[in-house]
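Enquirer: just need the structure, nothing else, for what follows:
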Amino acid sequence: MREPSSPVPAGETHESALGDNDDGKRLDRVLAALSEADGLSLSRTRLQQLIRDGHVEIDGVVLRDPGAKTKAGSRVRIIVPPPQKLDIAGEAIPLAIVFEDRHLLVIDKPAGLVVHPGAGNRRGTLVNALLAHCQGELSGIGGVERPGIVHRLDKDTSGLLVVAKTDAAHRGLAKVFADHGRMLPFLREYNALIWGAPDRAAGVIDAPLGRAAADREKMAVVSAERGRAARTHWRVLERYGPAGREVVSFVACRLETGRTHQIRVHMAHIAHPIVGDPVYASGFKSKAAQLPDPPRDAVSHLRRQALHAAVLAFEHPVTGEAMRFESPWPGDLQPARDALVVWR
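Expert: All right, here's what the predicted structure looks like:
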């Protein structure tokens, strides 16, 4: 077990002793696990950059190799520099704001909106919109590229997303997300249309996720040594098609962890990928032929994965108020569900 520690705001220092389970592991992986456990809100990519920039010490020695092997009992020191000045322009992009106070805001993100800028993608993102809306009042803990971003949704996944406006809110929300609802009130639930129908009404997928060996742009279920723990709770809400031969189902998925593409990969792993998913359901396109008209036409006209972040509940990190937000199934996905409901 590691020694207990506390979150570190940008511009300050975090220290911790590594435990027996950290022996012989990659430095960036160990720090990522430490950050998650302690609610530091530092992604693995951010930590790798901090290491390369000389902001990480092991037993007083600066290490610049993210792949360096760690030793149990070593003392690690992470120095988080103050946020750099943003070179990203704010843009007057309309936002569907569900809630806002001086500490945070909750947004109902539309499909097609990228959360943060990346290489060759410096405009038209949620961060650009936030910079314009908040006028500089955004937490800088996440680094230059992700001001205020505590968690993210894929570009073509719609739904609820919380953004921190102050460092205090960012640190508090990071603790909540790292806790995954074990000790702190927290709920993230998604709705989705999936291919086929599970043979049970509900279940749990417990399968580590990591980068796919054959395609680094994709995620995959991997060994525990190669990936990070991931758990998804699912339950069937509706089934569409002849009894015993249902072609599509409407499900709710509750995240116990929040890995990249988690629901999409986990549902594909149990042979029920998200309808319309161009990456993880490409082998299921022929399934649409089993649908009658008009469901077949409605499903074939989907332009993205039928996945929506429907429920977000947490305790306000500053006021302690219990907060719960719900977002209805979005309009661009509604025709497919309407056609399936009629067929049912």
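
Enquirer: so what secondary structure elements neighbour the lowest-mean-pLDDT helix or strand in the chain?
Expert: Among the helical and strand segments of the chain, the one scoring lowest on mean pLDDT, DSSP states H and E is helix 27-38, with a mean of 81. Counting contacts by 3 or more C-beta pairs under 8 Å, 6 or more residues apart in numbering; DSSP states H and E, helix 27-38 packs against strand 13-17, helix 44-52, strand 56-58, strand 75-79, helix 167-179. All C-beta spots, glycine's among them, are computed from the backbone N, C-alpha and C.

Enquirer: for residue 126, give me its contacts.
Expert: Residue 126 makes contact with 93, 95, 107, 109, 113-116, 149, 161, according to C-beta atoms under 8 Å, 6 or more residues apart in numbering.

Enquirer: next: residue 333.
Expert: 158, 193, 302, 306, 308.

Enquirer: and the second one, how far from residue 340?
Expert: In this case it means residue 193. Distance, residue 193 to residue 340, by C-beta to C-beta, to the nearest Å: 7 Å.

Enquirer: closest one to residue 101 among the helices and strands packed on helix 27-38?
Expert: helix 167-179 (9.2 Å; C-beta to C-beta).

Enquirer: for that closest one, buried residues please.
Expert: By neighbour count on 16 or more other C-beta atoms under 10 Å, the buried set for helix 167-179 is 167, 169-178.

Enquirer: quick check: angle from that helix to helix 27-38?
Expert: When axes from the mean of the first three to the mean of the last three C-alpha atoms, to 10 degrees is applied, the directions of helix 167-179 and helix 27-38 differ by 100 degrees.

Enquirer: run the chain-centre distance for the helix or strand following helix 167-179.
Expert: Counting by DSSP states H and E, the next helix or strand C-terminal to helix 167-179 is strand 186-195. Centroid separation for strand 186-195 versus its chain: 13 Å, with C-alpha atoms, centre = their mean, to the nearest Å.

Enquirer: for strand 186-195, give the mean pLDDT please.
Expert: Strand 186-195 shows a mean pLDDT of 96.

Enquirer: and if you look at stretch 96-115?
Expert: pLDDT averaged over stretch 96-115 gives 95.

Enquirer: what sits against residue 180?
Expert: Neighbours of residue 180 in contact, by C-beta under 8 Å, 6+ apart: 186, 255-258.

Enquirer: actually, residue 148.
Expert: Neighbours of residue 148 in contact, by C-beta under 8 Å, 6+ apart: 127, 130, 134, 138-139, 142, 163-165, 170.

Enquirer: filter those residues down to just the ones in strands.
Expert: 163-164 (DSSP state E).

Enquirer: Serialize the contacts of residue 148 to TSV and add fields for distance to residue 263.
Expert: Shown next, in TSV, are the contacts of residue 148 (distance: C-beta to C-beta, whole Å):
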residue	distance to residue 263
127	23
130	25
134	29
138	27
139	26
142	23
163	21
164	23
165	28
170	24
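
Enquirer: could you find the lowest-pLDDT member of the contacts of residue 148?
Expert: Out of these, that is residue 142, at 58.

Enquirer: how about low-confidence regions in this structure?
Expert: By pLDDT under 70, the weakly predicted segments of the chain are 1-11, 37-41, 83-86, 119, 140-146, 344.

Enquirer: run the last query once more with 80
Expert: 1-12, 35-45, 81-88, 118-122, 136-147, 178-184, 285-286, 343-344 (pLDDT under 80).

Enquirer: got the helices and strands packed on helix 27-38 as JSON lines, with distance to residue 269 columns?
Expert: Formatted as JSON lines, the helices and strands packed on helix 27-38 follow (distance: least, C-beta to C-beta, whole Å):
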{"stretch": "strand 13-17", "distance to residue 269": "33"}
{"stretch": "helix 44-52", "distance to residue 269": "22"}
{"stretch": "strand 56-58", "distance to residue 269": "34"}
{"stretch": "strand 75-79", "distance to residue 269": "34"}
{"stretch": "helix 167-179", "distance to residue 269": "23"}
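
Enquirer: for the ones you listed, which one sits closest to residue 291?
Expert: helix 167-179 (37.5 Å).

Enquirer: what is that closest one packed up against?
Expert: By 3+ C-beta pairs under 8 Å, 6+ apart, helix 167-179 packs against helix 27-38, strand 158-164, strand 186-195, strand 307-315.

Enquirer: among the contacts of residue 333, who's most crowded?
Expert: Neighbour counts for those, by other C-beta atoms under 10 Å, peak at residue 158, which reaches 29 neighbours.

Enquirer: that one contacts residue 109, doesn't it?
Expert: Yes. Using C-beta atoms under 8 Å, residue 158 is in contact with residue 109, at 6.0 Å.
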